[in-house]
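K.L.:
Generate a structure from the sequence data that follows.
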Amino acid sequence: MENQIVRRSVISSLGWFAGGVLASTCAQSWGDSVGGTGTSAAAGLGRPEVPSSAQKVWKYLALDPEELADRAYALYPNGSCMYSMVGSVMTALAEKVGEPFASFPYGMMRYGHGGIGGWGSVCGVVNGAAAVIALFNQDDEEARNKLIGRFARWYESTPLPTYRPKASQTPLELSPSTAQSILCHVSVSRWCEVSGCPAFSKEKSERCRRLTADGARMLAIVLNEAQDQPEHGLLDISATAKDCNSCHGKSQLADAMVKMECRTCHNLPASHPSETIRSQ
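P.N.:
This next block holds a predicted model:
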């Protein structure tokens, strides 16, 4: 009986030891595959670190803006705005260089449809552009924020859509509108006001599809210029947002953090300081 207990104890110990070796080996192999050389001491969780140098594999190569627009338009029916924004870049670069772009799981970007799962929040065109910009500027917060800001301000202030599909013989005639916001709900509602079309019409779906193509074209322009001219002048926030931040920003009241156009959602009373100055 005692021998059986001892034997079971030894077998159990060997099982724990083998499991530990296997887990250690797998962790080390994964670390090697992503460029890691050890575990995260700070986290203390035994997860391999991914050093900054490993991020260099995500290297942007200049893309043709018009070709990217056509690609995004073609991808749109498979997953909507954010999906086709990111997918257009990933598939284009996969054709140029292969990995790691060929394995990028851009299907996950379907969550961005309709302003994040249909909630009418950040438009998937802006959300997708920001994701791609961040992918290629993982270690440079200043560049990342400037490029995202340029794209967001373009979306906010430009009459869209302007893209016309090349494949259709009789494309719909769609009126452009200026969103004055990066929110899907506001962007769609403003277009409905201008066009007279319902938010659940085929015209609205086509509008968003073309808007995505416009966004992909602009994303290529922004990334191409950033590659060729790192110090290229960037579009600033609106005069209204600057005005609001002068009081509500960090230096004074510090009760708001915003770069979006303010008056799109805020109706200010005539007694508000900015309105008083404006009327003078």
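
K.L.:
hey, let's count contacts and neighbours off CA atoms from now on
P.N.:
Fine.

K.L.:
Run through who's touching the helix or strand where Val86 lies.
P.N.:
Taking DSSP states H and E as the definition, Val86 sits inside helix 80-97. Contacts with helix 80-97, where a contact means C-alpha atoms under 8 Å, 6 or more residues apart in numbering, come from 60-61, 63, 68-69, 71-73, 75-76, 78, 100-102, 104, 106-113, 123-129, 131-132, 208-209, 212-213, 215-216.

K.L.:
Which of those residues are buried? Put it as a PyMOL command.
P.N.:
Buried residues within those, by 16 or more other C-alpha atoms under 10 Å, are selected in PyMOL with:
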select buried, resi 60+63+68+69+71+72+73+75+76+101+102+106+109+110+111+112+113+123+124+125+126+127+128+129+131+132+208+209+212+213+215+216
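
K.L.:
Low-confidence regions, the stretch 1-150 of the chain specifically.
P.N.:
For the stretch 1-150 of the chain, residues meeting the criterion pLDDT under 70 lie at 1-56.

K.L.:
the strands in it, which residues?
P.N.:
Using DSSP state E, counting those that start in this stretch, no strands are assigned anywhere in the stretch 1-150 of the chain.

K.L.:
Name the SS class of Lys166, please.
P.N.:
Recorded secondary structure, Lys166: coil (DSSP: H, G, I helix; E, B strand; the rest coil).

K.L.:
How many residues are close by it?
P.N.:
Lys166 has 9 neighbouring residues, counting by other C-alpha atoms under 10 Å.

K.L.:
What separation is there between it and Glu95?
P.N.:
Plainly put, Lys166 is 22 Å away from Glu95 if you go by C-alpha to C-alpha, to the nearest Å.

K.L.:
likewise Glu67?
P.N.:
13 Å.

K.L.:
for Asp70, same thing?
P.N.:
15 Å.

K.L.:
quick one, what contacts Leu219?
P.N.:
Counting by C-alpha under 8 Å, 6+ apart, Leu219 has contacts 65, 129, 151.

K.L.:
oh, I was asking about Cys197
P.N.:
203-204.

K.L.:
In what element of secondary structure is it found?
P.N.:
Following DSSP H and E, there is no helix or strand that holds Cys197.

K.L.:
Next one, pLDDT for it please.
P.N.:
What the model reports as pLDDT for Cys197 is 97.

K.L.:
Next: Cys247.
P.N.:
As predicted, Cys247 sits at a pLDDT of 70.

K.L.:
do the same with the one 4 residues further on
P.N.:
You'll see Ser251 listed with a pLDDT of 70.

K.L.:
SS state for it?
P.N.:
Quick answer, by three-state DSSP: Ser251 is coil.

K.L.:
Can you give me the neighbour number for it?
P.N.:
There are 9 residues near Ser251, going by other C-alpha under 10 Å.

K.L.:
Same question for Leu135.
P.N.:
Neighbourhood size, Leu135 [other C-alpha under 10 Å]: 15.

K.L.:
Go ahead and confirm it touches Pro100.
P.N.:
No. Contact criterion C-alpha atoms under 8 Å: Leu135 and Pro100 do not qualify, at 12.0 Å.

K.L.:
who touches both of these two?
P.N.:
Joint contacts of Leu135 and Pro100 (C-alpha under 8 Å, 6+ apart) are Trp58.

K.L.:
if I look at Tyr76, how far off is Val86?
P.N.:
In terms of C-alpha to C-alpha, Tyr76 sits 11 Å off from Val86.

K.L.:
before we move on, what about Glu141?
P.N.:
20 Å.

K.L.:
More neighbours: those two, which one.
P.N.:
A count of neighbours by other C-alpha under 10 Å puts Val86 above the other of Glu141 and Val86, at 29 against 11.

K.L.:
can you map out the helices along this structure?
P.N.:
Using DSSP state H, the helices found in the chain span residues 2-33, 65-75, 80-97, 124-135, 141-157, 184-195, 202-228, 239-248, 273-279.

K.L.:
pretty sure Pro100 is touching Val57, no?
P.N.:
Yes. Taking contacts as C-alpha under 8 Å, Pro100 lies within contact range of Val57: 7.3 Å.

K.L.:
so who does Leu147 touch?
P.N.:
Contacts of Leu147 (C-alpha under 8 Å, 6+ apart): 133, 222-223, 226, 234.
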